[in-house]
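>>> how would this look folded up:
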Amino acid sequence: MVQWIDEPAPSRWRSRAAVMADVVVAAVAGVTLGVVSGKAAASDLWGGIFTSAGLWIALITVIGLFAPSTDRAVLRTVVQMPLTVAAHLGLGPAHPPPEQTLGWCVLAAVAAPVLAGFAHEARRGGWLGSIVLACPSALLIAEARPWHSSPFGDPVAQFDLVAAAALLLLAPVPLGVRLRAALLTAPAVYGTVHLLGAAGDLVERLRP
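Presented below is the predicted three-dimensional model:
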């Protein structure tokens, strides 16, 4: 006979309070970041960084790594990122039409939680954790493309390389996981570049 053990009322209240706190903080952070990034996107100095994919990859990865659980990582990003995107597009220099803004918000609500939940898996340790940690670092380095030109004159490339190094150095995982991730980053960059290149070629071929 199965016996159900109810969670004590104080524990349930604390759990709900923690979830509500996550929602409120994520909403405030989302709007604030969207306003700041939207205004900065018009800047000659910061515009490239705040409109690059690297910033958002790094942000979502950090949320996932430092969240206390996969569920909380998903919750935080599903609340924060659509608000960030909406505020960013609304205040940025692009001013896309409402339906396009809505499309980007839906994409953020779907893609960001997946990436954040994936990033949180690095905290499980082992080779799987190292592989997971190497992936966002590889994406950042692939965007910087330092082998094609010097990144020192490109603020976006500088940010991507610093963010990739910071993820590998400061991720809240054991040192062994970070060292293995650093070793895996080079082949992951190679695979990412070729995969993105193949995808771009496919898109060009499918165009009418």
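>>> The most centrally placed residue in the chain: what's it in contact with?
A centroid search over the chain (Cα atoms, centre = their mean) returns I60, at 2.4 Å, as the residue closest to the centre. By Cβ atoms under 8 Å, 6 or more residues apart in numbering, I60 lies in contact with T77, M81, A112, L115, A116, A119. The way it works is simple: take the backbone N, C-alpha and C, and place the C-beta from them, glycine included.
>>> And it, how far from A122?
13 Å (Cβ to Cβ, to the nearest Å).
>>> what does M20 give?
In terms of Cβ to Cβ, M20 sits 27 Å off from A122.
>>> and those two? which has more neighbours close in?
Legend: neighbour count by other Cβ atoms under 10 Å for M20 and A122, higher for A122 (27 against 10).
>>> For V25, see how far away V85 is.
Taking Cβ to Cβ, one finds V85 at 18 Å from V25.
>>> got it, and L107?
23 Å.
>>> Also S15?
16 Å.
>>> what does D71 give?
Counting by Cβ to Cβ, the gap from D71 to V25 is 16 Å.
>>> now do A94
Taking Cβ to Cβ, one finds A94 at 28 Å from V25.
>>> Check L55 too.
Separation of L55 from V25 (Cβ to Cβ): 20 Å.
>>> one step back: can the contacts of I60 go into TSV with extra columns for pLDDT and secondary structure?
What follows is these, written out as TSV (pLDDT from 0 to 100; DSSP: H, G, I helix; E, B strand; the rest coil):
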residue	pLDDT	secondary structure
T77	94	helix
M81	94	helix
A112	93	helix
L115	93	helix
A116	94	helix
A119	93	helix
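>>> can you redo those residues as a markdown table with neighbour count and distance to S137?
Converted to a markdown table, the contacts of I60 look like this (neighbours: other Cβ atoms under 10 Å; distance: Cβ to Cβ, whole Å):
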| residue | neighbour count | distance to S137 |
| --- | --- | --- |
| T77 | 28 | 19 |
| M81 | 29 | 20 |
| A112 | 27 | 18 |
| L115 | 22 | 13 |
| A116 | 27 | 16 |
| A119 | 27 | 11 |
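>>> That'll do, ta.
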